[in-house]
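Asker: Here is my input, please return the structure:
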Amino acid sequence: MNASRAAWTRELIGHDVRSVTAVGLSGIKNGDLLRLAAQEYEVFLTIDQLLERQERLPPGLGVITLVAPTNRIESLRPLVPAVLQALESLTLGERVRIGQRSS
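Answerer: Below you'll find the predicted structure:
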């Protein structure tokens, strides 16, 4: 995600935000990545729409997929209120899609 962890930390106040790279999981295939994330985290926030469609979700992890014209924080920032709302109501094992690609 091009949007930096620092930018997301500022946007998602009250939530612990970590990037895949920061926790040493970059380069791991999606299925393994989700399984590893489920061991440490409750929610996985992604812009990877392939992950959303192709991978089985571990029961202990919720996934929020963001859909925006780009992966820059300027494109993703308008989705923050919906992300915060989803974080409050998301149940483990659930997938939520937020936003839409512009045509």
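
Asker: And the residue nearest the centre of the protein?
Answerer: Central residue of the chain (CA atoms, centre = their mean): Leu45, 0.7 Å from the mean position.

Asker: That residue: what secondary structure?
Answerer: strand (DSSP: H, G, I helix; E, B strand; the rest coil).

Asker: In space, what's closest to it - neighbours in sequence excluded?
Answerer: Excluding its sequence neighbours, the residue lying closest to Leu45 (CB to CB, 6 or more residues apart in numbering) is Ile64, at 4.9 Å. The way it works is simple: take the backbone N, C-alpha and C, and place the C-beta from them, glycine included.

Asker: Please work out how many residues are found near that neighbour.
Answerer: The tally of other residues near Ile64 (other CB atoms under 10 Å) stands at 21.

Asker: my hunch is that it is in a helix, does that hold up?
Answerer: No. Under three-state DSSP, Ile64 sits outside any helix and is assigned strand.

Asker: And the host helix or strand of Ala38, what does it pack against?
Answerer: If you go by DSSP states H and E, Ala38 is part of helix 30-40. Packing partners of helix 30-40 (3 or more CB pairs under 8 Å, 6 or more residues apart in numbering; DSSP states H and E): helix 49-54.
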